[in-house]
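S.K.: Sequence below, structure please.
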Amino acid sequence: MLNTDPKQVYDRLVISVRKFFREAGRERAVVGLSGGIDSAVVLAIAVEALGKENVHAILMPSPYSTLHSVTDAVELADNLEVKYSVVPIEGVFNKFSKEFESLFGEEVNRLTRENLQARIRGVVLMAWSNQNGSLLLNTSNKSEIAMGYGTLYGDLTGALMVLADIYKLQVYSVARYINRNGIVIPDSIITKAPSAELSHDQKDSDSLPEYSVLDPVLHSLIEEKRSPAELISSGTDISLVNRIVHLMNVSKFKGHQLPQMIQVGDSPLLSREKCLFYELNK
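M.R.: This is a model prediction of the structure:
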């Protein structure tokens, strides 16, 4: 069953993060802050769970990062009174790209370039984790993971996946709940079109159905256990269903390599052994 109460979802995530760190004997977390909605929500949850003094954000702009994403990320960190570092990755990215052109004997293609940026960021975050004894909180959500919209050893890296059992539309609901008493997450983060910003003018909708279309289909397949044939017979567009099912099938191999995730609903993407399920009264 899908939990649509943003307060309950938020409380579950905060309590789970807090307990995870306590049981791991750790106090400090690091979060890669992109200026997008997912990392904004994870940063706010980390501050609530661990205290602002125990959370560090790292901004890692690339050649494709927009100025507003960087300024949004800085504004969020300032609102939460979290210390942050800015580590531009353009120089490392260009060096890798040049070396790979020599290795491949041809120009580096778009997918390789996009994944390379995600993996450079993963290296930076894990280096901070190693150097400072922090644990990296992953920011990927359930919609992205189901679609394989993530890079192994890059943005799928982390000690704990905070949002991996909540859909993208739920992330927005939690963000609005976080802002219930005033602006914590800047409005521009909530209203901007989702983008990984790994290529010029990239939007999530270039590769995925709009989340308002995608999430209800995923919910039917995962939570309601409905078959593709049932969805199609009930009126859902056959090409949409087939596209979503195909993306789910071809990306299943990634699921076996993901970190533990916080389970919020009754139907996580991964086995319960991969999920942390903490009752709210613990």
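S.K.: Check which helix or strand the nearest residue to residue 55 once chain neighbours are set aside maps to.
M.R.: Sequence neighbours aside, residue 46 is the residue nearest to residue 55 in space, at 4.7 Å (criterion: C-beta to C-beta, 6 or more residues apart in numbering). From N, CA and C alone the C-beta is placed, and that goes for glycine too. If you go by DSSP states H and E, residue 46 is part of helix 37-50.
S.K.: That helix: what's the following helix or strand?
M.R.: Next along the chain after helix 37-50, taking DSSP H and E as the criterion, comes strand 55-59.
S.K.: got any ranges where the stretch 1-150 of the chain has weak pLDDT?
M.R.: Under the criterion pLDDT under 70, the flagged ranges of the stretch 1-150 of the chain are 1-3.
S.K.: What is the burial count for residue 152?
M.R.: For residue 152, the count of nearby residues is 16 (other C-beta atoms under 10 Å).
S.K.: Going forward, the N-terminal residue is numbered 861.
M.R.: In the new numbering, first residue 861, that becomes residue 1012.
S.K.: right, and it touches residue 1115 too?
M.R.: No - between residue 1012 and residue 1115 there is no contact under C-beta atoms under 8 Å: 10.4 Å.
S.K.: before we move on, the earlier item: quick one: the residue nearest to residue 915 from residue 893, how far?
M.R.: Between residue 906 and residue 893 the computed distance is 11 Å (C-beta to C-beta, to the nearest Å).
S.K.: Same check on residue 1114?
M.R.: Taking C-beta to C-beta, one finds residue 1114 at 23 Å from residue 893.
S.K.: what about those two, which has more around it?
M.R.: For residue 1114 versus residue 893, the count of surrounding residues by other C-beta under 10 Å is larger for residue 893: 27 against 15.
S.K.: And for residue 868, the neighbour number?
M.R.: Neighbourhood size, residue 868 [other C-beta under 10 Å]: 13.
S.K.: What residues does the closest residue to residue 998 other than its chain neighbours make contact with?
M.R.: In this structure, residue 998 finds its nearest non-sequential neighbour in residue 1018, 3.1 Å apart by C-beta to C-beta, 6+ apart. Residues in contact with residue 1018 (C-beta atoms under 8 Å, 6 or more residues apart in numbering) are 985, 995-999, 1119.
S.K.: Got the domain ranges for this structure?
M.R.: The record's domain parsing of the chain by automatic domain parsing lists 866-1063+1111-1136, 1069-1110.
S.K.: Filter the contacts of residue 1018 down to the buried ones and express that as a PyMOL selection.
M.R.: Buried subset of the contacts of residue 1018, written as a PyMOL selection, criterion 16 or more other C-beta atoms under 10 Å:
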select buried, resi 985+995+996+997+998+999+1119
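S.K.: Spell out which two among the contacts of residue 1018 are the most distant pair, please.
M.R.: Spatial extent of these (C-beta to C-beta) is set by the pair 995 and 999 at 13.4 Å.
S.K.: sorry, back to before: what angle do strand 915-919 and the helix holding residue 906 make with each other?
M.R.: 160 degrees (axes from the mean of the first three to the mean of the last three C-alpha atoms, to 10 degrees).
S.K.: gap between helix 897-910 and the chain center?
M.R.: Distance, stretch centre to chain centre, for helix 897-910: 11 Å (C-alpha atoms, centre = their mean, to the nearest Å).
S.K.: Check stretch 1096-1107 too.
M.R.: 23 Å.
S.K.: mind listing the helices for the stretch 861-1010 of the chain?
M.R.: Ranges of helices in the stretch 861-1010 of the chain, per DSSP state H, counting those that start in this stretch, are 866-884, 897-910, 927-940, 950-964, 970-992, 1002-1006.
S.K.: okay if I get these as CSV plus distance to residue 1064?
M.R.: Output for these, formatted as CSV (distance: least, C-beta to C-beta, whole Å):
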stretch, distance to residue 1064
helix 866-884, 21
helix 897-910, 11
helix 927-940, 14
helix 950-964, 21
helix 970-992, 13
helix 1002-1006, 8
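S.K.: Quick one, which of these gets closest to residue 916.
M.R.: Comparing those under C-beta to C-beta, the one sitting nearest is helix 970-992, at 7.1 Å.
S.K.: Now do that closest one against strand 915-919: the angle between them, please.
M.R.: With the same axes, to 10 degrees applied, the angle from helix 970-992 to strand 915-919 works out at 150 degrees.
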